[in-house]
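Novice: sequence unknown, structure follows:
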C-alpha cells in the first residue's frame, strides 16, 4: 500500500517568510511524528500526535514552530519567520499506535532558508 | 534521558566482507531498540527492532543485531555486504514515554563499500 507521503519535497524560502510542510500518514495509522535532520544536530524528534489528542509541544525548537493534525490524519508543520538555522530535512513518520516504535518514515521535505 | 552512541562515523568495507556497526545506548529500563537505514535522498527504512525475548534479532536485507544488556550494546551485523548496502545507518531507542518521546537516534554511521 501507499507509504507516508510528504510535500513539498523541496522548499526554498527567504529568511523571514512562513512555510508549511505537509505529511500524509499511512492510512489507518493513528500515531504521527515529526523529526528534523540537520548536519549539525543529526535527527531530532519534534512532536508526536496520537489520534486527535493534543500534542506535547515541548520538543519544538522555538515558538516559531507549530504543528497540527486535522481529522486524525494529515498533519502540517508550520515555521513562521524562518531563519537560516531552520534549514534542514523535515521527516514525518507514522505508526499503528499499538507498536509505537515501528515507525514508517516519509521521504522528507528539504527546507532551505536563504 | 536516553541516549545513543554510534562510535564510528565512517566505515569502509570490501564487497563480500562481513560488517559490524556498533551501537551503545543509555536507558534506565529495558530498551526498545531499532536500526534504520537511509540511502541518499531517501527517508529512513526500518531494518530490525528489539523489544524483548530472543536477544538476536533478524531483519531485512540479511541484517541481524544482538542485544547485550551487560554491554548496553545493540550492534548490527551482516555476514557479506553488497555494494547496495552503502548508506547511512542509524541506531535508535524509544523513549520511556513510548511514542510521546519519539525515537532518540545516534549520529549515524556512513557505510562505504569498496569493490
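Specialist: It's in. The model shown is predicted, which means the values in this text are computed figures rather than measured ones. Numbers count the residues shown, from 1 in each chain, chains lettered A, B, ... in the order given.

Novice: all strands of chain B, in order?
Specialist: Using DSSP state E, the strands of chain B run over residues B:3-5, B:10-14, B:19-21, B:24-26, B:33-38, B:44-50, B:56-58, B:64-68, B:73-78, B:87-94, B:103-105, B:109-114.

Novice: which intervals of the chain have sub-threshold pLDDT?
Specialist: Picking chain A for this. Judged by pLDDT under 70, chain A has its weakly predicted residues at A:1, A:98-101.

Novice: my bad, the chain I had in mind was chain B
Specialist: In chain B, residues with pLDDT under 70: B:96-99.

Novice: write out the residues of it neighbouring chain A.
Specialist: Within chain B, the residues that sit near chain A (CB under 8 Å from any CB of the partner chain) are B:32, B:34, B:36, B:41-46, B:49, B:51, B:90, B:92, B:94, B:98-108. (Glycine included, C-beta is placed from N, CA and C.)

Novice: narrow the residues you listed to those that are buried.
Specialist: The neighbour count (16 or more other CB atoms under 10 Å in any protein chain shown) marks B:32, B:34, B:36, B:43-44, B:46, B:49, B:90, B:92, B:94, B:99-108 as buried among the residues of chain B next to chain A.

Novice: which SS class is residue A:61?
Specialist: Using DSSP: H, G, I helix; E, B strand; the rest coil, the structure places residue A:61 in coil.

Novice: surely residue A:48 meets residue A:35?
Specialist: No. With contacts counted by CB atoms under 8 Å, residue A:48 stays clear of residue A:35, the gap being 10.0 Å.

Novice: what touches both of those two?
Specialist: residue B:102 (CB atoms under 8 Å, 6 or more residues apart in numbering or on different chains).

Novice: for residue B:82, what are its contacts?
Specialist: B:15, B:113.

Novice: quick one: it and chain A, what's the gap?
Specialist: Using CB to the nearest CB, to the nearest Å, residue B:82 is found at 22 Å from chain A.

Novice: distance of that residue relative to residue A:82?
Specialist: For residue B:82, the distance to residue A:82 equals 40 Å [CB to CB, to the nearest Å].

Novice: then residue B:102?
Specialist: As judged by CB to CB, residue B:102 and residue A:82 stand 23 Å apart.

Novice: equivalent analysis for residue B:15, please.
Specialist: Residue B:15 is 43 Å from residue A:82, by CB to CB.

Novice: quickly list what the residue at minimal distance from the centre of chain A is bridged to.
Specialist: Nearest to the geometric centre of chain A sits residue A:34, at 3.4 Å (CA atoms, centre = their mean). Here residue A:34 shows beta-bridge partners residue A:47, residue A:92, assigned using DSSP bridges.

Novice: I figured it was touching residue A:94, is that so?
Specialist: No. With contact defined as CB under 8 Å, residue A:34 does not count as touching residue A:94 (10.6 Å).

Novice: joint contacts of those two?
Specialist: The overlap between the contact sets of residue A:34 and residue A:94 (CB under 8 Å, 6+ apart) consists of residue A:23.

Novice: I'd say residue B:56 and residue B:64 touch.
Specialist: Yes. Counting by CB under 8 Å, residue B:56 does reach residue B:64; the two are 6.3 Å apart.

Novice: neighbour-wise, which of these two wins?
Specialist: residue B:64 (16 against 11; other CB atoms under 10 Å in any protein chain shown).

Novice: ok, residue B:15 and residue A:82, which is more surrounded?
Specialist: Using other CB under 10 Å as the criterion, residue B:15 and residue A:82 rank with residue A:82 on top: 21 against 14.
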